[in-house]
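1. Here you go, sequence then predicted model.
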Amino acid sequence: MTMTSTLIDSLRGGLIVSAQAYPGEPLRHPETMAQVAEAAAAGGAVAIRCQGLSDIAAIKGRVSVPVIGLWKEGDEGVYITPTLRHARCCLAAGCDIVAIDATRRPRPDGLTYAETVAALHADGAVVMADCGSFDDAAMAHEAGTDILSTTLSGYTGEREKTDGPDVELLTQMIEAFPQTPVICEGRIHTPDQARQVMEAGAWAVVVGTAITHPTSITRWFDAAVRQANTR
Ligand SMILES: CC(=O)N[C@H](C=O)[C@@H](O)[C@H](O)[C@H](O)COP(=O)(O)O
């Protein structure tokens, strides 16, 4: 077995926890995110997904499970690890797998997606494709990406932003690319939804907000409480 396949195999059937705090938020601090990541690993996370070079470095130093790194620049268009430079910086910060935008939109550095993946593979990197549609996944698969994911479904205008995970896209990807690990990520908010996507054949699930974003979780509860008040 190669190191890459051992790494990817270690994710199989598991829960990956995404630990991210957004600009201006109270938890946006590498030490805080490292504590959150360590707590998630203690609960059984098989890997941690995280954002930003300082968080990647801090979390890699804290947990023994693999770290999936990305670097967000802005919050619209191609913003998840948008260029080869961003990806290489994530790897230099210590992540084991780099997650990159895998949409068919033009990339800020003028490289194609396939050129980006080829350069990262030449560096020896393992790449996760954050796709927004089936056509994105087909492009990422064609480029030989190691892991495909539904991360950007509902955020690029090609797929409806479903309340829960995009199980339809997940299923299409699994059927079309049976030899490639397909991860379900995005709007998995309950253990039941996580079970459902695993039963649909996902290699692993990524849960972020529902585990690591207290402001959102508070809003969900607050809305329910207020709804009850109006009855
Ligand atoms: C669209 C986008 O920018 N997604 C980001 C990707 O890293 C994160 O903001 C999400 O929290 C992550 O994908 C996990 O999803 P959820 O938080 O829904 O469990």
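-> Cool, the structure landed. Fair warning: this is a prediction, and the values are worked out from it, not measured in the lab.
2. who in the chain is up against the ligand?
-> 18, 20, 70, 80, 151-152, 155, 185-188, 206-210 (C-beta under 6 Å from any ligand atom). All C-beta spots, glycine's among them, are computed from the backbone N, C-alpha and C.
3. Spell out, range by range, the strands that occur in the chain.
-> Ranges of strands in the chain, per DSSP state E, are 14-19, 47-51, 67-70, 97-101, 127-130, 147-149, 182-185, 204-207.
4. And the longest one, what does it pack against?
-> So that's strand 14-19. helix 30-42, strand 47-51, strand 182-185, strand 204-207, helix 209-212 (3 or more C-beta pairs under 8 Å, 6 or more residues apart in numbering; DSSP states H and E).
5. Next one: the residue of the chain found nearest the ligand, what pLDDT does it get?
-> Per C-beta to the nearest ligand atom, residue 208 is where the chain lies closest to the ligand, at 2.9 Å. The confidence metric pLDDT takes the value 99 at residue 208.
6. From what I see, it and residue 21 are in contact.
-> No: at 10.6 Å, residue 208 and residue 21 do not qualify as touching, with contact defined as C-beta atoms under 8 Å.
7. returning to what we had before: kindly give a single PyMOL line that selects the buried subset of the residues of the chain next to the ligand.
-> To isolate the buried members of the residues of the chain next to the ligand in PyMOL, using 16 or more other C-beta atoms under 10 Å:
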select buried, resi 18+20+70+80+151+152+155+185+186+187+188+206+207+208+209+210
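8. in the chain, which ranges drop under the pLDDT threshold?
-> Scanning the chain for pLDDT under 70 picks out 1.
9. Now do the buried residues in stretch 100-110.
-> Those buried within stretch 100-110 under the rule 16+ other C-beta under 10 Å are 100-104, 107-108.
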